[in-house]
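Peer 1: Below: sequence and its predicted model.
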Amino acid sequence: MGLIDSHIHLDDLRYQRDRVSLIERAKKQGVTGWIVPAVNTDRFDAVLALQDQYTRVALGLHPYWIADHHESDLMVLEEVLDSHDVIAVGECGLDYFIKELDRDKQLHFFDAQIEIAKDRDLPLILHVRGAVDAVFERLKAHGYYRAVMHSFSGSVEQVQQMVNSGVYLGFGAAACNPNAHKLKAALQAVPLDLLMIETDGPDQPFYDRRKQRMLPEHLFRVCEEVAAIKGVTSATLSASNNANIKKLFNL
Ligand SMILES: [Zn+2]
């Protein structure tokens, strides 16, 4: 049975030279789908061009690039969402880990994107760093919880809060680091029916492959190691992961 990657930046320029062969290799090994979120309007065309029967795309304005976003980008986002087959708004969210990123501007763009998603009944793909509580507060303010927090890095208590609201949580190679005790505890607390796995390629390589690109085919190692932490088989985890992705993104 195949495996779907809930979060990968296949459009990234670091895949430019060998993208086609990497995708083919992952497909041969059994990756059967990818969710590819865009991070700013400059990447919308590149992401949309990847869309096919395996690759489904999302569009959003990422908080890491907050300095680049213009007010008019929100209108562009709405126009492109309404004229293309897009499955989610994202990635968007809040990054309080990097102190230089303007928090007021982040909140403005995040609030706007929650409303854009809610108006269209599209799920949100959330980037959240150092801001789990702040993001949850915004979801609550808008009464909209149809979302996945990708690369989750909160506490067990925060997992509980998300679970109670039906927010999906994404985990990748970071949780597989032998020293990531807090993250492993959080992962153990996530019920299988709200858990997704991801590579977040080309970022977030495994601890023993630092400075190398995370590749599409590495999803299988993520699956194996996350399954071991959860105490289930890889087959069980892949089945629930695929079902969760299909449910949230309406595939
Ligand atoms: Zn991402």
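Peer 2: Received the coordinates, thanks. Nothing here was measured: the structure is a model prediction, and the numbers come from that model. Numbering: from 1, shown residues only.

Peer 1: For the residue of the chain most remote from its centre, I want the exact helix or strand it lies within.
Peer 2: In the chain, the greatest distance from the average C-alpha position (CA atoms, centre = their mean) is reached by residue 72, at 24.4 Å. Using DSSP states H and E, residue 72 sits within helix 71-83.

Peer 1: for that helix, which positions count as buried?
Peer 2: Neighbour-count burial for helix 71-83, counted by 16 or more other CB atoms under 10 Å, picks out 73-74, 77-78, 80-81. Glycine gets a C-beta too; all of them are placed from N, C-alpha and C.

Peer 1: same for it, what does it pack against?
Peer 2: With contacts defined as 3 or more CB pairs under 8 Å, 6 or more residues apart in numbering; DSSP states H and E, the packing partners of helix 71-83 are helix 44-49, strand 55-59, helix 103-120.

Peer 1: okay, those in TSV with mean neighbour count next?
Peer 2: Rendered in TSV, the data for these read as follows (neighbours: other CB atoms under 10 Å):
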stretch	mean neighbour count
helix 44-49	17
strand 55-59	24
helix 103-120	18
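
Peer 1: JSON lines for the ones you listed, including distance to residue 250?
Peer 2: Conversion of the helices and strands packed on helix 71-83 to JSON lines gives the following (distance: least, CB to CB, whole Å):
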{"stretch": "helix 44-49", "distance to residue 250": "18"}
{"stretch": "strand 55-59", "distance to residue 250": "10"}
{"stretch": "helix 103-120", "distance to residue 250": "12"}
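
Peer 1: Out of these, the one nearest residue 33 is which?
Peer 2: When the helices and strands packed on helix 71-83 are compared by CB to CB, strand 55-59 sits nearest residue 33, at 7.1 Å.

Peer 1: Name the surrounding residues that touch the closest one.
Peer 2: When contacts are taken as CB atoms under 8 Å, 6 or more residues apart in numbering, the neighbours of strand 55-59 outside the stretch itself are 10, 33-38, 44, 47-48, 50-51, 77, 80-81, 84, 86-91, 125, 249, 251.

Peer 1: I'd like to know which of the residues you listed are buried.
Peer 2: For those, buried by 16+ other CB under 10 Å: 10, 33-38, 44, 47-48, 50, 77, 80-81, 86-91, 125, 249.

Peer 1: Run through the protein and note the low-pLDDT ranges.
Peer 2: Under the criterion of pLDDT under 70, the regions of the chain flagged as low confidence span 1.

Peer 1: residue boundaries of the strands in it?
Peer 2: 3-5, 31-37, 55-59, 88-95, 124-129, 147-150, 168-171, 195-197 (DSSP state E).

Peer 1: Ok, which of these comes nearest residue 138?
Peer 2: Distances from residue 138 to each of the strands of the chain were compared using CB to CB; the shortest belongs to strand 88-95, at 7.6 Å.
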